[in-house]
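Participant: All I have is the shape, not the residue letters:
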């Protein structure tokens, strides 16, 4: 039986090497396929049952050995929606079942892939080169919180990003203790001319809240105040208007007060700088005066917030806007220039905008950049990890399916990171595959030699009886 067993064993060897060659050929064929995971071949010996001193080497059987846990090289593509995972994990994807456009129906099954060459189709879906649709969770653009808990196919459309009315202006500046007003440079005082300010449309009173500067007093007001900067603000419809501010020193404060003050200032906002008549409002004072202490810090208002008056500027009504200083953002210190040193003037409103660009962060957030300058997180890409990556079932297009052996998916990046604008390449090493192919070819040839030798031995046996 030895010669016949040798024939059987040699045939199993040829079959196993053919199986290995099939895997090698597939690896080489997919050496440029994004996200492809090569399949190695493992061999197992089959030993027939026999007595201890009569055991033989036995035959062989070949098995596939997955390499899903081995990462390929990350290749930059400069396509913002391409994504690579640096570390373990798989993108969660789905397949189209039927329909087109906005009526597309999906299979509603979670598949997994490392192929991250995603790009937008005509309907705003992110699809990779094998036709799988990326899944994740949408993000509420107002709260920044995730919407839902189960991954769904992501669709990002170029809808208009709504306008936001300005509610706050962050103001950081130093006001000179002695302002270099025109009146001061001409030998007068640095104080505001009280006659240029009208309280409630009647008597001059620079201390009154929301006092106004009429058109016929603009020259006097400008000569006794200094510019405080300007900022563009927006109404609820996103219409922009410029808010121009001027500061005027009213007095040197009250050193006997508790706490003592060293200067009282009025902040004025321009409403109509082209006003000329006594009945036309040019500037309006804010709701409260500003006082500073002996160290140059703001004493009042205590909150550091200055409420801007409601007014109509160039046809746009501004209301409910606070000038926030953070308590110490506005100071009164000496300045040889005598002018306002406005370090920062920023507001929180913006006009409506459309989606210009989409990128992916290292944390897997899909970030949208809009034409109005806003940068907003739109969605969170879902990533699944498995306790046994190599036990996933392979599907066409570089996708995998969960099995009992792989265990359930663990959703989350873990210690991995996403690399936007890049794609993971195949983990096939061409040089290594050629080396395997040479060894496989030689092993196959050796098995054929065994069959030839066995055939010669059988022929010798047949010749005995002739």
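Facilitator: Done, it's in. In this text, all values refer to a predicted model and were calculated from it rather than measured experimentally.
Participant: all contacts plus neighbour counts: C-alpha atoms, from now on.
Facilitator: Will do.
Participant: any idea how far stretch 91-101 is from the chain center?
Facilitator: With Cα atoms, centre = their mean, to the nearest Å as the basis, stretch 91-101 stands 24 Å off its chain's centre.
Participant: same question, stretch 439-455
Facilitator: With Cα atoms, centre = their mean, you get 58 Å for stretch 439-455.
Participant: Residues touching that stretch, excluding its own?
Facilitator: Outside stretch 439-455, the residues that touch it by Cα atoms under 8 Å, 6 or more residues apart in numbering are 3, 4, 6, 7, 10, 11, 13, 14, 17, 18, 20, 21.
Participant: in a helix, that's where the third one is, yeah?
Facilitator: Spelled out, that is residue 6. Yes - assessed by DSSP: H, G, I helix; E, B strand; the rest coil, residue 6 belongs to a helix.
Participant: just the contacts of stretch 439-455: which has the poorest pLDDT?
Facilitator: In this model, the minimum pLDDT among these belongs to residue 4 (79).
Participant: Of the contacts of stretch 439-455, select the buried ones using a ChimeraX command.
Facilitator: Filtering these down to the buried ones (16 or more other Cα atoms under 10 Å) takes a single ChimeraX command:
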select :6,7,10,11,13,14,17,18,20,21
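Participant: now, which of the contacts of stretch 439-455 lie within helices?
Facilitator: Judged by DSSP state H, the contacts of stretch 439-455 include 3, 4, 6, 7, 10, 11, 13, 14, 17, 18, 20, 21 as members of helices.
Participant: could you dump those to TSV with distance to residue 292?
Facilitator: Converted to TSV, the ones in helices among the contacts of stretch 439-455 look like this (distance: Cα to Cα, whole Å):
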residue	distance to residue 292
3	108
4	107
6	103
7	103
10	99
11	98
13	94
14	94
17	89
18	89
20	84
21	85
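Participant: Show me which pair in these is furthest apart.
Facilitator: 3 and 21 (26.8 Å; Cα to Cα).
Participant: burial of residue 336, as a residue count?
Facilitator: Neighbourhood size, residue 336 [other Cα atoms under 10 Å]: 11.
Participant: where does it sit relative to residue 190, distance-wise?
Facilitator: Using Cα to Cα, to the nearest Å, residue 336 is found at 14 Å from residue 190.
Participant: With residue 291 instead?
Facilitator: Going from residue 291 to residue 190 by Cα to Cα gives 16 Å.
Participant: Between those two, point out the one with more neighbours.
Facilitator: Per other Cα under 10 Å, whichever of residue 291 and residue 190 has more neighbours is residue 291, with 27 against 24.
Participant: Next, the more buried one: secondary structure please.
Facilitator: Three-state assignment for residue 291 (three-state DSSP): strand.
Participant: Now do the contacts for it.
Facilitator: Applying Cα under 8 Å, 6+ apart to residue 291 gives the contacts 253, 261, 262, 263, 264, 265, 298, 299, 300, 301.
Participant: now the fourth one: how far from residue 304?
Facilitator: I take that to be residue 263. Residue 263 is 16 Å from residue 304, by Cα to Cα.
Participant: higher neighbour count, the two?
Facilitator: residue 263 (23 against 19).
Participant: if I pick the more buried one, what's in contact with it?
Facilitator: Contacts for residue 263 (Cα under 8 Å, 6+ apart) come out as 177, 249, 250, 251, 252, 253, 254, 291, 292, 293.
Participant: The fifth one contacts residue 264, doesn't it?
Facilitator: What that stands for is residue 252. Yes - checked against Cα atoms under 8 Å, the pair residue 252 and residue 264 is within contact range at 6.1 Å.
Participant: intersection of neighbour lists for those two?
Facilitator: With Cα under 8 Å, 6+ apart, residue 252 and residue 264 have no common neighbours.
Participant: more crowded one of the two?
Facilitator: A side-by-side neighbour count of residue 252 and residue 264, using other Cα under 10 Å, places residue 264 first with 21 against 17.
Participant: where's the closest residue to that one other than its chain neighbours relative to residue 258, distance?
Facilitator: Here the nearest residue to residue 264 in space, its sequence neighbours aside, is residue 291; by Cα to Cα, 6 or more residues apart in numbering that works out to 4.5 Å. For residue 291, the distance to residue 258 equals 12 Å [Cα to Cα].
Participant: Could you do residue 403 as well?
Facilitator: Distance of residue 403 to residue 258, computed by Cα to Cα: 76 Å.
Participant: So for the two, which residue has more residues nearby?
Facilitator: The neighbour comparison of residue 403 against residue 258 (other Cα under 10 Å) goes to residue 403, with 14 against 8.
Participant: list the contacts for that one?
Facilitator: Residue 403 neighbours (Cα under 8 Å, 6+ apart): 391, 392, 393.
Participant: With residue 380 instead?
Facilitator: Neighbouring residues of residue 380 by Cα under 8 Å, 6+ apart: 136, 137, 138, 139, 146, 364, 365, 366.
Participant: Where does the prediction get shaky in the stretch 51-200 of the chain?
Facilitator: Along the stretch 51-200 of the chain, the model assigns pLDDT under 70 to residues 199-200.
Participant: Strands of that one, start to end?
Facilitator: Along the stretch 51-200 of the chain, the stretches classed as strands by DSSP state E, counting those that start in this stretch are 59-66, 74-76, 83-86, 90-94, 96-98, 105-106, 111-113, 119-120, 126-127, 133-139, 146-153, 168-176, 198-199.
Participant: Dump these into TSV; add distance to residue 456 and mean neighbour count as well.
Facilitator: Converted to TSV, these look like this (distance: least, Cα to Cα, whole Å; neighbours: other Cα atoms under 10 Å):
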stretch	distance to residue 456	mean neighbour count
strand 59-66	21	17
strand 74-76	55	16
strand 83-86	57	26
strand 90-94	55	26
strand 96-98	60	12
strand 105-106	62	14
strand 111-113	52	25
strand 119-120	63	18
strand 126-127	60	24
strand 133-139	60	25
strand 146-153	65	16
strand 168-176	97	21
strand 198-199	123	20
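Participant: Any idea how many residues pack against residue 455?
Facilitator: Counted with other Cα under 10 Å, residues neighbouring residue 455 total 15.
Participant: Next: residue 47.
Facilitator: When neighbours are counted by other Cα under 10 Å, residue 47 registers 12.
Participant: Okay, it and residue 440: tell me how far apart.
Facilitator: Distance of residue 47 to residue 440, given as Cα to Cα: 22 Å.
Participant: who's in contact with the nearest residue to residue 244 once chain neighbours are set aside?
Facilitator: Of all residues beyond its chain neighbours, the one nearest residue 244 is residue 230 (4.3 Å), with distances taken as Cα to Cα, 6+ apart. Going by Cα under 8 Å, 6+ apart, residue 230 touches 242, 243, 244, 245, 345.
Participant: Next: residue 355.
Facilitator: 158, 159, 160, 161, 368, 369, 370, 371.
Participant: Need the buried ones from these selected in PyMOL.
Facilitator: The PyMOL command for the buried members of the contacts of residue 355 (criterion: 16+ other Cα under 10 Å) is given here:
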select buried, resi 161+368+369+370+371
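Participant: Can I get the contacts of residue 355 in TSV including distance to residue 94?
Facilitator: Listed next are the contacts of residue 355 as TSV, based on distance: Cα to Cα, whole Å:
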residue	distance to residue 94
158	22
159	24
160	27
161	28
368	23
369	26
370	28
371	31
